[in-house]
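K.L.:
The sequence isn't on hand, but the structure is:
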């Protein structure tokens, strides 16, 4: 009955060493002063990629890191969407020469098939003209 009078099991007081810090002095992690913002704003320029990602690739790569995998995939996608199917197809063939994870390999193989389909379509259109 003594537990019930004192609040029982759920009347637990937990203290933290963080309580001693005055929260009014804390600055948000993403805080930036107006002066700092204006300085960055003056020098900032957007990064524009125009089919040059492939220049950073050294293919084939065995067991690429996540970042390397993304660069491979993004370079193929970039060329594909810029309608440079021949170049994208060349990169897919080189990339498939390395040891790749199952999901990355499947995605690159899908792009290889897409590129080859587009190239066949282009060559048949050129033959008709």
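P.N.:
Thanks, I have it. Keep in mind the model is a prediction, meaning the values are calculated, not measured. Numbering: from 1, shown residues only.

K.L.:
residue contacts, residue 59?
P.N.:
Listed by Cβ atoms under 8 Å, 6 or more residues apart in numbering, the contact partners of residue 59 are 72, 91, 94-95, 97-98. Bear in mind the C-beta positions are built from the backbone N, C-alpha and C, glycine included.

K.L.:
what's around residue 36, how many residues?
P.N.:
Neighbour count for residue 36, taken as other Cβ atoms under 10 Å: 10.

K.L.:
Mind listing what's buried along the longest helix seen in the chain?
P.N.:
Assignment by DSSP state H gives helix 102-128 as the longest helix of the chain. Neighbour-count burial for helix 102-128 flags 104, 107-108, 111-112, 114-115, 118 (criterion: 16 or more other Cβ atoms under 10 Å).

K.L.:
residue ranges with poor pLDDT in this protein?
P.N.:
For the chain, applying pLDDT under 70 flags the ranges 1-24, 49-51, 129.

K.L.:
what about the helices in it?
P.N.:
Ranges of helices in the chain, per DSSP H, are 2-5, 34-43, 66-81, 85-95, 102-128.

K.L.:
How many neighbouring residues does the closest residue in space to residue 54 that isn't next to it in sequence have?
P.N.:
Nearest residue to residue 54, sequence neighbours excluded (Cβ to Cβ, 6 or more residues apart in numbering): residue 75, at 4.3 Å. Residues lying near residue 75 (other Cβ under 10 Å) number 23.

K.L.:
quick one, what contacts residue 75?
P.N.:
Shown in contact with residue 75 (Cβ under 8 Å, 6+ apart): 53-54, 56-57, 91.

K.L.:
measure the residue nearest to residue 114 when sequence neighbours are not counted to residue 46 for me?
P.N.:
Spatial nearest neighbour of residue 114, chain neighbours left out: residue 80 (6.7 Å); criterion: Cβ to Cβ, 6+ apart. With distances taken as Cβ to Cβ, to the nearest Å, residue 80 is found 22 Å from residue 46.

K.L.:
Residue 35 too?
P.N.:
22 Å.
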